[in-house]
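1. Pasting a predicted model and its sequence here:
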Amino acid sequence: MKRQTLILIKTLTWLACLVPLARLLWGAVTNNLGPDPIANITFTTGSATLNLLTISLALTPVRRLIPELSWLVKFRRLIGLFAFFYATLHLATYVALYAGFDLHAMAADIAKRRYITMGLAAWLLLLPLAATSTNWAIRKMGGKNWNRLHKLVYVAAVCGVIHYWWQVKPGVLSPLSITLMLALLLISRPIWTWNQRRKLRLRAA
Amino acid sequence: MLIGKPPDIQSSEITSPDQYAQYLDRRRFLRGAAAAGAAALGVARLAEIFDPGLRAQAGTKLETVKSPLTTTGEPLTSLEDITHYNNFYEFGVDKADPAKNAEALPTRPWTIRVEGKVKTPKTFDIEALLKLRRLEERVYRHRCVEAWSMVIPWVGYSLSEFIDQCDPLPSAKYVQFLSYYDHKVEKWASGQAISWPYSEGLRMDEAMHPLTLLTFGLYGQVLPNQNGAPVRIVVPWKYGFKSAKSIVAVRFLEKQPPTTWNDQAANEYGFYSNVNPNVDHPRWSQKVERRIGQPFYSQRRTTLMFNGYADQVASLYNGMDLKRNF
């Protein structure tokens, strides 16, 4: 791919990833975040996190299906880091706007409310991934170890979706679409591996 | 995500009383609008005479008197937010749905059936109910179980005034309220797990408490459909879902009636459901609430026991364990 094309697509990706934040900032400045701004901020940052995580997990299966798109791997880090960025905003919304920085209330929430515990777990799982996202860290850790650590993204995504289900009212189905997407992506990986092994075996025989 | 420090005077404290003043001005203006507004008003009045149904329309002014039971010192939530952020599941589960869909609700003709432990079952027509007592303006805090809140200027009179007309028997210990339900009108209801019609209930002494309001309007106007037109209950010291909308039947009972959200999830929604910061919802704390229509940095409020009406209502629950009877 030409360098200029890559720069163009990277710029567009940056802009697309910034859309949820821009909408919130614009809403905050114009006092136009809807009747319940805190709920809006929470929902927007939470959905952005899950959507970006799902997109980052979709890149590998897409590359395998369409080898011409293998350059997509260059965007995985960017999208993954944006997912972490929104997860952090989501957590900050809870800490500042829901808990009002009240440590006592937060401790009680983490102990008592499983969706908060699960959400925090998801963020804590993403934290080392974001911290080791630099080229330096990859070199330092070695590709194999780095890859092994970054498998945590699957666990984080599953925790994130469970966090969503546990938060909504019983009977509300809004987390369903993201759950199905994620399930599809997760299942596609063992199927791919199994298929590769079968091919190898066939070739060997 | 705090952007700058909140200003010393919150914008809400500036705008809302303004809005309220505007609204009072408008009412004063309309009351004395013999000259300027005469043409427009005259046409509206004539239309009303020929088609009484028009009087039922949301936005129609209601004459009110002041009430000593009104809540003071809180800026009102805007009419826009009160009418576009609703839980009225018969018209859809999204907060914005009822404003879009509730137009279908036929608010005239409208009657309330009175049944159960009464001397004689009766039916009251909405027009008669509107004239039964002077309509009062009562500003109440409104606290949803979902941890958001509003301040709403309701219009109505104490439910006790209506109950007196129903002649309940001494054996009546509870009152059940049934909401309007027609699956052809409320198409959004049938896909849900809830069994309709919506049912709510109060203990007799709660229903007879002067704060419990039989409500016909808000902001000095006929109730918009999405807020439970043409007549609803408002119980300001309980979570919002206890205040049944669009009432078609009132039943006096010896035993506690089944109530919609309690049937759905008894561990989340108790029969009493008094606003209580010391009893958490299983999924969130009830210690704080988000005031609707405020900027994100000043939405947070401490939730008060009985929603701030403890002085008036706490005695109803003397000797009761409110953690068990939540």
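-> Noted; the coordinates are in hand.
2. neighbours of B:E206, just the number please.
-> B:E206 has 22 neighbours, counted by other C-beta atoms under 10 Å in any protein chain shown. Where you see a C-beta, it was placed from the backbone N, CA and C, and this is true even at glycine.
3. Please identify the helix or strand for residue 82.
-> Using chain A. helix A:76-93 (DSSP states H and E).
4. try chain B instead
-> helix B:79-84.
5. name the helices or strands packed onto that helix?
-> strand B:148-158 (3 or more C-beta pairs under 8 Å, 6 or more residues apart in numbering or on different chains; DSSP states H and E).
6. Run me through the strand neighbours of the strand it packs on, direction for each.
-> Under the criterion DSSP bridges, strand B:148-158 sits next to strand B:136-143 (antiparallel), strand B:213-218 (antiparallel), strand B:288-291 (parallel) in its sheet.
7. and after the last one, which helix or strand comes next?
-> Helices and strands here follow DSSP H and E; after strand B:288-291, the next one along the chain is strand B:300-302.
8. residues of that following strand that come out buried?
-> Neighbour counts over strand B:300-302 (16 or more other C-beta atoms under 10 Å in any protein chain shown) mark B:R300, B:R301 as buried.
9. which stretches of the stretch 101-250 of chain B form helices?
-> Here the stretch 101-250 of chain B has its helices, by DSSP state H, counting those that start in this stretch, at B:126-132, B:159-166, B:204-208.
10. Check chain A too.
-> A:3-29, A:37-65, A:76-93, A:103-112, A:114-131, A:135-141, A:143-150, A:152-167, A:176-204 (DSSP state H).
11. so which of these comes closest to B:N86?
-> B:N86 lies closest, by C-beta to C-beta, to one member of the helices of chain A: helix A:37-65, at 14.4 Å.
12. Which other helices and strands does that closest one contact?
-> Using 3+ C-beta pairs under 8 Å, 6+ apart, helix A:37-65 sits against helix A:3-29, helix A:76-93, helix A:152-167, helix A:176-204.
13. so can I have a markdown table of these showing mean pLDDT, mean neighbour count and distance to chain B?
-> Shown next, in a markdown table, are the helices and strands packed on helix A:37-65 (pLDDT from 0 to 100; neighbours: other C-beta atoms under 10 Å in any protein chain shown; distance: least, C-beta to the nearest C-beta, whole Å):
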| stretch | mean pLDDT | mean neighbour count | distance to chain B |
| --- | --- | --- | --- |
| helix A:3-29 | 95 | 13 | 6 |
| helix A:76-93 | 97 | 20 | 6 |
| helix A:152-167 | 96 | 19 | 7 |
| helix A:176-204 | 91 | 12 | 14 |
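14. For chain A, what's the nearest residue on the stretch 101-250 of chain B?
-> Per C-beta to the nearest C-beta, B:A193 is where the stretch 101-250 of chain B lies closest to chain A, at 5.0 Å.
15. Does that residue touch B:A265 like I think?
-> No: applying C-beta atoms under 8 Å, one finds B:A193 not in contact with B:A265, separated by 10.3 Å.
16. who has more neighbours, the two?
-> More crowded of B:A193 and B:A265, by other C-beta under 10 Å: B:A265, with 12 against 7.
17. what's the more buried one in contact with, if anything?
-> A:P170 (C-beta atoms under 8 Å, 6 or more residues apart in numbering or on different chains).
18. B:V155 and B:T215 touch, don't they?
-> Yes: the pair B:V155 / B:T215 is scored as a contact, 6.8 Å apart, by C-beta under 8 Å.
19. Please say which of the two ends up with more neighbours.
-> More neighbours surround B:T215 than the other of B:V155 and B:T215, with 27 against 23 (other C-beta under 10 Å).
20. ok now do the residue most central in space within chain A, which residues does it touch?
-> Nearest to the geometric centre of chain A sits A:L53, at 2.4 Å (C-alpha atoms, centre = their mean). The contact partners of A:L53, taken as C-beta under 8 Å, 6+ apart, are A:G80, A:A83, A:V153, A:A156, A:A157, A:G160.
21. about what we covered before: return the set of buried residues in the helix holding B:I82.
-> Buried, per 16+ other C-beta under 10 Å, within helix B:79-84: B:L79, B:D81, B:I82, B:T83, B:H84.
22. can you list contacts of that helix?
-> Helix B:79-84 is contacted by residues A:35, B:19, B:23, B:95-96, B:99, B:150, B:152, B:218-219, B:224, B:226-227, B:292-293 when judged by C-beta under 8 Å, 6+ apart.
23. Please repeat the previous calculation with a cut-off of 7 Å.
-> By C-beta atoms under 7 Å, 6 or more residues apart in numbering or on different chains, the surrounding residues in contact with helix B:79-84 are A:P35, B:A96, B:A99, B:M150, B:I152, B:L218, B:Y219, B:P224, B:Q226, B:N227, B:I292, B:G293.
24. with these in mind, which one is nearest to B:V248?
-> Looking across the contacts of helix B:79-84 and measuring by C-beta to C-beta, the closest to B:V248 is B:N227, at 16.1 Å.
25. Could you report the neighbour count for B:S160?
-> B:S160: 15 surrounding residues under other C-beta under 10 Å.
26. Identify the residues contacting it.
-> Here B:S160 is in contact with B:M208, B:P210 (criterion: C-beta under 7 Å, 6+ apart).
27. Could you tell me the per-residue confidence at it?
-> Per-residue confidence at B:S160 stands at 98 (pLDDT).
28. Look at the nearest residue to A:S188 once chain neighbours are set aside and say how many residues are nearby.
-> Closest residue to A:S188 apart from its sequence neighbours, by C-beta to C-beta, 6 or more residues apart in numbering or on different chains: A:P61 at 4.8 Å. The tally of other residues near A:P61 (other C-beta under 10 Å) stands at 16.
29. And B:E63, by the same measure?
-> With other C-beta under 10 Å as criterion, B:E63 counts 10.
30. quick one: low-confidence ranges for chain B?
-> Across chain B, the ranges flagged by pLDDT under 70 are B:1-58.
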